[in-house]
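Novice: can't give you the sequence, but here's the structure:
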């Protein structure tokens, strides 16, 4: 189809009426994993950049050593410092992720055992409260001369 033919073709083809032989360039699929939170993603990008720079420094130090250049020693020192900073960057990603999970909670899987334990605790608390309310009602129904609660006797 040439440029002139494209100009003459009707532009308003809806999704229902596609031309025969039409194939979209890509098909959108849902993401397999959820997107990382912004602070974690920022820390991860920073760590990747620092690690990349450190690898470049190490390669330049190695090549300068092979060439017996005066720049070899400063580059080795820079590589060691870069390794320390890169380690800090990776630990920063890990700590940021842990902090995020603690503050905002982790996504719970439906079969999670923690969820089942919480559900059982809630159910037990509700039953205990209901039993306590029932005891209070029974105590209130007693006559004026009777004790309202068994613990009140002491």
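Specialist: Okay, I see it. Note that the structure is a prediction, hence the values are computed from the model and not measured.
Novice: biggest helix in this protein by residues?
Specialist: helix 72-104 (DSSP state H).
Novice: helices or strands up against it?
Specialist: If contacts are counted by 3 or more CB pairs under 8 Å, 6 or more residues apart in numbering; DSSP states H and E, helix 72-104 sits against helix 38-66. C-beta coordinates here come from the backbone N, C-alpha and C atoms, glycine included.
Novice: tell me the mean pLDDT for the helix it packs on?
Specialist: Mean pLDDT, helix 38-66: 95.
Novice: and it with helix 72-104, angle?
Specialist: 170 degrees (axes from the mean of the first three to the mean of the last three CA atoms, to 10 degrees).
Novice: now do helix 38-66: distance to the chain's middle.
Specialist: 24 Å (CA atoms, centre = their mean, to the nearest Å).
Novice: so for the longest helix of the chain, what gets flagged as buried?
Specialist: 72, 75-76, 78-79, 82-83, 86, 89, 92-93, 96-97, 100 (16 or more other CB atoms under 10 Å).
Novice: any idea which residue is closest to the centre of the chain?
Specialist: Centroid-nearest residue in the chain: residue 36, 4.6 Å away (criterion: CA atoms, centre = their mean).
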